[in-house]
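[1] just coords:
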């Protein structure tokens, strides 16, 4: 299946969303500073509760070998095996509390998710892919990356060029109606289209 | 400022991301079923941990008055005041545990965030806007929408056509370097671009 194959959507979606996927391998290649900062910029413009921008991004270009190694070794071994070929690695961290008033921000992790999602689409727009991962050692990340109290490691993201064809290419989703209800949970929304 | 004004980005980002904003008012107008399902489809293709797809969407078109009223009255009054003009309202719910093994899914809310973010961009792509809100009564939502144990209301999303010009148009972010570090927290990443 070609590199830029589209997801088998039931309804039309923008090409960026249809082309996005999470490759499990990368071609060893550096990413330009321009491209890396554009991906980070997409995250920066994500919406967040009270515009808190609760995300912090710890970034390692593969050519910054000390930083790259530090982040790489936070991943579980199965992810290290292919992320060692990533162009860059990012550790996404959430700030627990609102800066304004110190109260708990229940949407911090949610908003980090939006930012991670926008990184993925911006990467696709400029010829890269990302793969967001839960498979890393949060305790180790906190230690080696010196993450202070009040912040929590959430997700790691690998960025790179994907080989073609990708292995394996899994792009399945539950049917559209499975997760979509009327205003009553479990009551499937009629597809009148 | 025109309806489709772009965010003042420091680095180039895709137009969808630059055009996305969260309006605080809508022009009263129905949304077509095609457009509504395309927005939901974008969420469906969001990535999620183990492809769990932990999101559930409770959807009310403004013409389904009973559903619309049910969701509208979950919002805090300040949001009801303008969301009553939305074309549709969506309550986004997260499933706590992995379906596969029943273990807690620490990324459920994060992945709902990605899906909410993709809804926003698909809306922009087809001429609508969304506004994701924390300002609603989760307890009431659980009751009136009959959300079962094991699921949690996370975010409400209003979809609609935005008036031009929008009031007020706030599109500020902290400088790019503020939230971007090397692999050591707090160590600003050099902008070599």
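    It's in. Just so it is clear, the model here is predicted, and its values are computed rather than measured.
[2] which residues of chain A fall in strands?
    A:55-61, A:88-95, A:129-133, A:151-160, A:180-181 (DSSP state E).
[3] closest to residue A:19 out of those strands?
    Nearest to residue A:19, of all the strands of chain A, is strand A:129-133, at 9.0 Å by C-beta to C-beta. In short, each C-beta sits where N, CA and C put it, glycine included.
[4] and the helices in chain A?
    Under the criterion DSSP state H, chain A carries helices at the ranges A:15-19, A:33-44, A:65-72, A:77-83, A:108-125, A:138-144.
[5] dump the strands of chain A to a markdown table, plus mean neighbour count, mean pLDDT and distance to chain B.
    Formatted as a markdown table, those follow (neighbours: other C-beta atoms under 10 Å in any protein chain shown; pLDDT from 0 to 100; distance: least, C-beta to the nearest C-beta, whole Å):
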| stretch | mean neighbour count | mean pLDDT | distance to chain B |
| --- | --- | --- | --- |
| strand A:55-61 | 24 | 98 | 5 |
| strand A:88-95 | 25 | 98 | 7 |
| strand A:129-133 | 23 | 98 | 6 |
| strand A:151-160 | 24 | 98 | 6 |
| strand A:180-181 | 22 | 97 | 5 |
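[6] got CSV for those strands, with distance to residue B:46 too?
    Shown next, in CSV, are those (distance: least, C-beta to C-beta, whole Å):
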stretch, distance to residue B:46
strand A:55-61, 17
strand A:88-95, 16
strand A:129-133, 10
strand A:151-160, 13
strand A:180-181, 14
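[7] just to revisit the earlier point, what's the most buried one of the helices of chain A?
    The highest mean neighbour count among the helices of chain A, using mean count of other C-beta atoms under 10 Å in any protein chain shown, belongs to helix A:108-125: a mean of 27.
[8] show me what that one is packed up against.
    Here helix A:108-125 touches helix A:15-19, helix A:33-44, strand A:55-61, strand A:88-95, strand A:129-133, strand A:151-160, helix B:15-19, helix B:108-125, going by 3 or more C-beta pairs under 8 Å, 6 or more residues apart in numbering or on different chains; DSSP states H and E.
[9] that helix vs strand A:55-61, what angle?
    With axes from the mean of the first three to the mean of the last three C-alpha atoms, to 10 degrees defining the directions, helix A:108-125 sits at 40 degrees from strand A:55-61.
[10] what angle sits between helix A:108-125 and helix A:33-44?
    140 degrees.
[11] the closest residue to residue A:24 other than its chain neighbours: what's it in contact with?
    Spatially, and ignoring its direct neighbours in sequence, residue A:24 is nearest to residue A:82 (5.7 Å; C-beta to C-beta, 6 or more residues apart in numbering or on different chains). Contacts for residue A:82 (C-beta atoms under 8 Å, 6 or more residues apart in numbering or on different chains) come out as A:24-26.
[12] export those to JSON lines and append columns for neighbour count and pLDDT.
    Output for the contacts of residue A:82, formatted as JSON lines (neighbours: other C-beta atoms under 10 Å in any protein chain shown; pLDDT from 0 to 100):
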{"residue": "A:24", "neighbour count": "19", "pLDDT": "93"}
{"residue": "A:25", "neighbour count": "17", "pLDDT": "94"}
{"residue": "A:26", "neighbour count": "23", "pLDDT": "97"}
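[13] tell me the one among those nearest to residue B:153.
    Nearest to residue B:153, judged by C-beta to C-beta, of those is residue A:24 at 33.4 Å.
[14] pretty sure that closest one is touching residue A:131, no?
    Yes. The pair residue A:24 / residue A:131 is scored as a contact, 7.0 Å apart, by C-beta atoms under 8 Å.
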